[in-house]
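> Okay, sequence plus prediction incoming.
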Amino acid sequence: MPADQPGPAAELPPVNAPGLRGWLAAARVYLEPASLRMLALGFSAGLPLLLVLGTLSFRLREAGIDRATIGYLSWVGLAYAFKWCWAPLVDRLPIPWLTRTLGRRRSWLLLSQCLIVAGLVGMALSDPRLALGPIVWCALAVAVGSATQDIALDAFRIESADADHQGALAATYQTGYRLAMIWAGAGVLWVAARFEVAPAAVVGITGATATAHALAGAAYQQAAWQMAYLVMAGSMAVGVLTVLLSPEPARMVLPPARNAREWLRGALVDPFADFIGRYRWQAALILALIAIYRISDVVMGIMANPFYVDMGYTKDEVAAVTKIYGVIMTLVGAFIGGMLSLRLGVMRVLMLGAILSAATNLLFAGLSARGHDVTALIFVISADNLSSGIASAAFIAYLSSLTNVRYSATQYALFSSMMLLAPKWLAGFSGAYVDAFGYANFFVSTALLGLPVLLLVWLASKVKLASSPRQ
């Protein structure tokens, strides 16, 4: 489909019919082509994240890399926090031949996906025991490619539907994203385990000594990890094929720049000036809400796994509860959040999500007093992930409604980067806080962090969203 031809937005049905018909129409939106495309593209977006953070840390530790070095290497993930720096290029800069063939959004999506695949293949072929440099540079390439894909994909999603349908697209995007994180987290370990050979064959020993080495996890097997990362690289085919088979969203025709200075102004200055110009002093309120909306979840989440260990939960118990109950409830929450946003409005659901996110942290405080209780853990994880899914669906829809389609990639990249900087910085002190005051006080404190969020959501609900050209 030509780049300037209307795309998926026209496929979505109206959802403002009264009564049961309206709710059925709201549910059917998840089966529309635009929603199914977002499911596949969400999978493509979620796949690289753990492969350069959590899963890579597991791999490096197994290879004997010290924890301090692994911690420093996590800074590779800062690419996601600073993606707004090159978002203007994704928004405005055409890629030779590719943009003319696929359109502005799909060309950047395909380029970023190719960079991710190349980086994952490089990580597969690199042995961290021999040299860290190659695997670090390849991980950085994956992170940059993944952040660039996020920029282009956010713009693709925003331009694919009107504001009323952003909640549904956000919900299917989250579903694909969560499924990919399961595959890149638990799945990659499962694949690596399937390709391991017996530990005794690796280290050349037998009997009790071999068993001791296996239990200690001493035998790092590069061939097994190589195959696992190659499988992950091949899994990116889901996103690549979706991009190639999708129509380009209806594009906003931009006036040609007469010189380099005018182009830079349109790419770097105008997106930010547009947002400030539309909201004026209220822009500070909106940006403050964006900066701290997820603060309760992010700060608490850093100490979640240490908490499970200290409470005596086994790896199998934590994996079963978080990967089964937790993921199911997150997906349920995302779909509920998307439907409620369609029927009740984004701001009401945004308030609901903020209340639930803070309140479920109090459940963790109660869990800390019970000790090892798997049934209680299932309940708390289910409630926490349900609230997280509702809050995330509404928040993504809210961010989408703030953007001007002319600058959707740049503005959304700025918003999505801002929402992590302050919470991630504060979360760095969470371990010291737990050491000083204990888990119960920590969880209560993270719940209290949500109180300013409620005030900001209430104030932001009084702000009339400035119109942005969507036609």
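Thanks, I have it. Remember, predicted model here, so these are calculated numbers, not experimental data.
> Domains of the chain: list them as residue ranges, please.
23-249, 262-463 (automatic domain parsing).
> Span of the shortest one from start to end?
Start-to-end span of domain 262-463 (CA to CA, to the nearest Å) is 32 Å.
> pLDDT on it, on average?
Average pLDDT, domain 262-463: 81.
> now that domain, how far from the centre of its chain.
With CA atoms, centre = their mean, to the nearest Å as the basis, the distance from the averaged C-alpha position of domain 262-463 to the chain average is 12 Å.
> any chance of the domains of the chain in JSON lines, with mean neighbour count too?
For glycine as for every other residue, the C-beta is placed from the backbone atoms N, C-alpha and C. Formatted as JSON lines, the domains of the chain follow (neighbours: other CB atoms under 10 Å):
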{"stretch": "domain 23-249", "mean neighbour count": "20"}
{"stretch": "domain 262-463", "mean neighbour count": "19"}
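> residue closest to the middle of this structure?
To find the centre residue of the chain, average its C-alpha atoms and take the closest one (CA atoms, centre = their mean): that gives Gly46, at 6.0 Å.
> wait, doesn't it sit right on Tyr173?
No. Using CB atoms under 8 Å, Gly46 and Tyr173 do not qualify as a contacting pair, with a distance of 9.1 Å.
> What helices and strands are in contact with the one helix or strand Cys114 maps to?
For Cys114, the enclosing helix or strand under DSSP states H and E is helix 104-125. Judged by 3 or more CB pairs under 8 Å, 6 or more residues apart in numbering; DSSP states H and E, the packing partners of helix 104-125 are helix 33-51, helix 98-102, helix 133-159, helix 222-235, helix 237-245.
> ok, back up a step: for the residue nearest to the centre of the chain, give its distance to Gln149.
Here the distance between Gly46 and Gln149 works out to 10 Å (CB to CB, to the nearest Å).
> Same question for His372.
His372 is 41 Å from Gln149, by CB to CB.
> tell me the angle the helix holding Cys114 makes with helix 133-159.
Computed with axes from the mean of the first three to the mean of the last three CA atoms, to 10 degrees, the direction of helix 104-125 lies at 160 degrees from that of helix 133-159.
> CA-only coordinates of helix 104-125 in CSV, if you can.
The C-alpha coordinates for helix 104-125 follow below in CSV (Å, rounded to 0.1, in the frame of the first residue of the first chain):
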residue,chain,number,x,y,z
ARG,A,104,8.3,6.3,6.7
ARG,A,105,7.3,4.1,9.7
ARG,A,106,7.8,0.7,8.2
SER,A,107,11.2,1.5,6.8
TRP,A,108,12.6,2.5,10.3
LEU,A,109,10.9,-0.5,11.8
LEU,A,110,12.6,-2.9,9.4
LEU,A,111,16.0,-1.2,9.7
SER,A,112,15.9,-1.4,13.5
GLN,A,113,14.8,-5.1,13.4
CYS,A,114,17.7,-5.9,11.2
LEU,A,115,20.1,-4.3,13.7
ILE,A,116,18.5,-6.3,16.5
VAL,A,117,18.9,-9.6,14.6
ALA,A,118,22.5,-8.8,13.7
GLY,A,119,23.3,-7.9,17.3
LEU,A,120,21.7,-11.1,18.7
VAL,A,121,23.7,-13.2,16.2
GLY,A,122,26.8,-11.4,17.4
MET,A,123,26.0,-12.1,21.0
ALA,A,124,25.4,-15.8,20.1
LEU,A,125,28.8,-16.1,18.5
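> right, and the helix or strand after the longest helix seen in the chain?
When the chain is scanned for its longest helix (criterion: DSSP state H), the result is helix 374-402. Along the chain past helix 374-402, the next helix or strand (assigned with DSSP H and E) turns out to be helix 408-427.
> Report all helices and strands that that next one contacts.
Packed against helix 408-427 by the contact rule (3+ CB pairs under 8 Å, 6+ apart) you find helix 78-81, helix 87-92, helix 133-159, helix 270-279, helix 282-292, helix 295-302, helix 374-402.
> I'd say Tyr407 and Gly277 touch.
No. Because the distance of 11.6 Å does not satisfy CB under 8 Å, Tyr407 is recorded as not touching Gly277.
> among the helices and strands packed on helix 408-427, which is nearest Tyr220?
With CB to CB, the closest approach to Tyr220 among the helices and strands packed on helix 408-427 belongs to helix 133-159: 12.9 Å.
> from the middle of its chain, how far away would the closest one be?
For helix 133-159, the distance from its own C-alpha centre to the chain's C-alpha centre is 11 Å (CA atoms, centre = their mean).
> and the angle for it with helix 33-51?
For helix 133-159 and helix 33-51, the angle between their directions (the same axes, to 10 degrees) works out to 160 degrees.
> what mean pLDDT would you report for helix 133-159?
The pLDDT scores in helix 133-159 average 90.
> and the angle from the helix or strand following it to helix 33-51?
For helix 133-159, the succeeding helix or strand toward the C-terminus, using DSSP H and E, is helix 166-182. Comparing the axes of helix 166-182 and helix 33-51 via the same axes, to 10 degrees yields an angle of 40 degrees.
> so helix 166-182 versus helix 374-402, what angle?
Using the same axes, to 10 degrees, helix 166-182 lies at 130 degrees relative to helix 374-402.
> Please name the residues that touch the closest residue to Ala87 other than its chain neighbours.
With sequence-adjacent residues excluded and distances taken as CB to CB, 6 or more residues apart in numbering, Ala87 is closest to Ala413, at 3.6 Å. With contact taken as CB atoms under 8 Å, 6 or more residues apart in numbering, Ala413 is in contact with Lys83, Trp84, Ala87, Val90, Asp150, Ile151, Asp154.
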